[in-house]
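[1] Predicted model and sequence follow; I will ask about them next.
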Amino acid sequence: MKLSEIKDVLKAEVLTGEDQLDKIIVGAGGADLMNDVLAAVAKDAVLLTGLMSDDVIRTAKVAGVGAVVFVRGKKPGESIIKLARSHNLPVLLTRFSLFLASGRLYMSGLRGLDGSW
């Protein structure tokens, strides 16, 4: 699924990575514990999270995450945005909860990191 489709499904605002909306995202995962992200195969996936920390961006970069979506309308601080830009990592913001955002993506055909269908 293209990042632009994820943006539409989640009615999301693009905070960084406007030039990467054609990027292909292969799966999705939701976590507020960054250890869970590192434990999952997250290469080129979208990470949905409500955690507001620079560690989200650092962990996403290490894990090879394709994009980060902050949920519940929680807008990240400028340090998070700057760090994401420096790593060329797309960041989006949706008003949906983690549960609803995950469900909407699943119903649109994007699958979890465990390959579940």
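    Received, thanks.

[2] hey, let's count contacts and neighbours off CA atoms from now on
    Fine.

[3] contacting residues around I57?
    Going by Cα atoms under 8 Å, 6 or more residues apart in numbering, I57 touches V68, I80, L83, A84, L89.

[4] correction: I24
    So I24 contacts M1, K2, L3, D44 (Cα under 8 Å, 6+ apart).

[5] go again using 7 Å as the cut-off
    M1, K2, L3 (Cα atoms under 7 Å, 6 or more residues apart in numbering).

[6] Please apply the same query to E5.
    With Cα under 7 Å, 6+ apart, E5 has no contacts at all.

[7] so where does it fall, helix or strand?
    Element membership of E5 [criterion: DSSP states H and E] is helix 3-9.

[8] What of L15?
    strand 13-16.

[9] Which elements pack onto whichever helix or strand comes after that strand?
    The helix or strand immediately downstream of strand 13-16 is strand 28-30, counting by DSSP H and E. If contacts are counted by 3 or more Cα pairs under 7 Å, 6 or more residues apart in numbering; DSSP states H and E, strand 28-30 sits against strand 46-49.

[10] Can you name the next helix or strand after the strand it packs on?
    helix 54-63.

[11] Off-centre distance for the helix or strand just after that following helix?
    Next along the chain after helix 54-63, taking DSSP H and E as the criterion, comes strand 67-70. Relative to the centre of its chain, strand 67-70 is centred 3 Å away, using Cα atoms, centre = their mean, to the nearest Å.

[12] which residues are contacting strand 67-70?
    A45, V46, L47, L48, T49, G50, L89, P90, V91, L92, L93, T94.

[13] mind redoing it with 6 Å?
    Residues outside strand 67-70 that contact it (Cα atoms under 6 Å, 6 or more residues apart in numbering) are V46, L47, L48, T49, G50, L89, P90, V91, L92, L93.
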